[in-house]
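>>> One predicted model, sequence on top.
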Amino acid sequence: MKKTIFVVGAGKGLGNAVARKFGADDFRVVLMCRNTEHLADYQREMQGEGMEVATQIVDTADQTALAAAMQQAVQTYGVPEKIAEQFWKLYQDRTDAEIIY
């Protein structure tokens, strides 16, 4: 059975990179974010590279909406082996000098 990862906040940047890494490692990737245009583009690109990708539109800052989206994803895809989330917290309350690019 294929392993699954939920990528919460799968916008551009680190969330997208994580999604692509696990997709390339043959995980089913469930992308979650609020930007419908980005989700459609990422899904199309990743599927074009042979990855299995699903999407869910959700405002990840809304905890109630996020909990409902996670529950729906679990019902649809099963319990994920991994959940990747909250990438923005890596940079919260840091100055540019503290962030290593």
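Yes, it's here. Numbers count the residues shown, from 1 in each chain.

>>> what about the helix or strand that contains residue 71, distance to the chain center?
Using DSSP states H and E, residue 71 sits within helix 63-77. In terms of CA atoms, centre = their mean, to the nearest Å, the centre of helix 63-77 is set 13 Å apart from its chain centre.

>>> neighbouring contacts of it?
Applying CB atoms under 8 Å, 6 or more residues apart in numbering, the external contacts of helix 63-77 come out as 4, 6, 8, 28, 30, 32, 54, 56, 58-60, 80. Quick note: C-beta positions are derived from backbone N, CA and C, even for glycine.

>>> swap in stretch 4-24?
By CB under 8 Å, 6+ apart, the surrounding residues in contact with stretch 4-24 are 27-33, 35, 38-39, 42, 46, 49, 51-53, 60, 66, 70, 73, 77-88, 90.

>>> Name the helix or strand for residue 51, please.
Counting by DSSP H and E, no helix or strand carries residue 51.

>>> Residue 41 now?
Taking DSSP H and E as the criterion, residue 41 maps to helix 36-48.

>>> Next SSE downstream of that helix?
Toward the C-terminus from helix 36-48 - assigned by DSSP H and E - lies strand 53-57.
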